[in-house]
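A.B. asks: For reference, the sequence and a predicted model appear below.
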Amino acid sequence: DTGVSQNPRHKITKRGQNVTFRCDPISEHNRLYWYRQTLGQGPEFLTYFQNEAQLEKSRLLSDRFSAERPKGSFSTLEIQRTEQGDSAMYLCASRHGQGGGNTIYFGEGSWLTVV
Amino acid sequence: KQEVTQIPAALSVPEGENLVLNCSFTDSAIYNLQWFRQDPGKGLTSLLLIQSSQREQTSGRLNASLDKSSGRSTLYIAASQPGDSATYLCAVKGGDDKIIFGKGTRLHILP
């Protein structure tokens, strides 16, 4: 069990460029979550998947954001036409199964700086 | 809409003291509550998970309690150490499987 892996860990991009982050969850975890965290705030829910199905998207996720989990394993989060307000840490998390009993595990996050 | 509040936002205590962090949530229909630790610039590390049917969980010097009906949880840290300095986050999971976080308590243990 290697934990939740996120890449890249850091990304600096110019405003208007597209960026993509990848998340590899713990194997056999069928639930995968994306969160965004800015300085001094708690993580804010963006979206989550059960296997390959995207179950919910937050209002925070504008049409410039898209997330996929094509084979129910790794997931990507793409931000198109980045804006300075997108600068944040993007956290991925996974957990196994349904119901209340299972701990959620987080990756180390991907830092995005839009200049 | 579930809202999670953590008080205080920041706390400094001398090494060796016991301390309590507070978490409250507006919708008591939760499946579980989880406490996390976050070091600066890092991801989140799970500390304790309390099921909705449980009252408390313990791990080492940490004890978390849950009063679901009143929408409250506390994280008790005994005999604090400088290495405990971090941000502590509380998160609740509802029936829709969303996990909602508070803004955290920044804890600083003074050597």
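C.D. replies: Good, I have the coordinates.
A.B. asks: Identify the residue nearest residue B:75 in space, chain neighbours excluded?
C.D. replies: Nearest residue to residue B:75, sequence neighbours excluded (Cβ to Cβ, 6 or more residues apart in numbering or on different chains): residue B:21, at 4.4 Å. (Each C-beta comes from the backbone N, C-alpha and C, glycine too.)
A.B. asks: what number of residues lie near that neighbour?
C.D. replies: Residue B:21: 22 surrounding residues under other Cβ atoms under 10 Å in any protein chain shown.
A.B. asks: again with residue A:105
C.D. replies: Residues near residue A:105, counting by other Cβ under 10 Å: 20.
A.B. asks: Correct me if wrong: it contacts residue A:94.
C.D. replies: Yes: between residue A:105 and residue A:94 there is a contact at 5.9 Å, judged by Cβ atoms under 8 Å.
A.B. asks: How about the contacts made by the residue nearest the centre of chain A?
C.D. replies: Geometric centre of chain A, nearest residue: residue A:34, 3.2 Å, by Cα atoms, centre = their mean. Applying Cβ atoms under 8 Å, 6 or more residues apart in numbering or on different chains to residue A:34 gives the contacts A:23, A:46, A:47, A:48, A:67, A:75, A:77, A:90, A:91, A:92.
A.B. asks: how about these, which pair is most distant?
C.D. replies: A:48 and A:90 (13.6 Å; Cβ to Cβ).
A.B. asks: Roughly how far does residue B:42 sit from residue A:18?
C.D. replies: When distance is defined by Cβ to Cβ, to the nearest Å, residue B:42 is 26 Å away from residue A:18.
A.B. asks: my bad, residue B:59
C.D. replies: For residue B:59, the distance to residue A:18 - Cβ to Cβ - is 42 Å.
A.B. asks: before we move on, what about residue A:10?
C.D. replies: On the measure of Cβ to Cβ, residue A:10 and residue A:18 end up 17 Å apart.
A.B. asks: what's the answer for residue B:76, then?
C.D. replies: 46 Å.
A.B. asks: Could you report the neighbour count for whichever residue of chain B sits closest to chain A?
C.D. replies: Per Cβ to the nearest Cβ, residue B:31 is where chain B lies closest to chain A, at 3.1 Å. For residue B:31, the count of nearby residues is 19 (other Cβ under 10 Å).
A.B. asks: Give me the neighbour count for residue 81.
C.D. replies: Going with chain A. Neighbours of residue A:81 using other Cβ under 10 Å come to 12.
A.B. asks: should've been chain B
C.D. replies: When neighbours are counted by other Cβ under 10 Å, residue B:81 comes out with 12.
A.B. asks: need the strands for chain B, in chain order.
C.D. replies: B:4-7, B:10-14, B:19-25, B:30-38, B:44-51, B:56-59, B:62-67, B:72-77, B:86-94, B:99-101, B:105-110 (DSSP state E).
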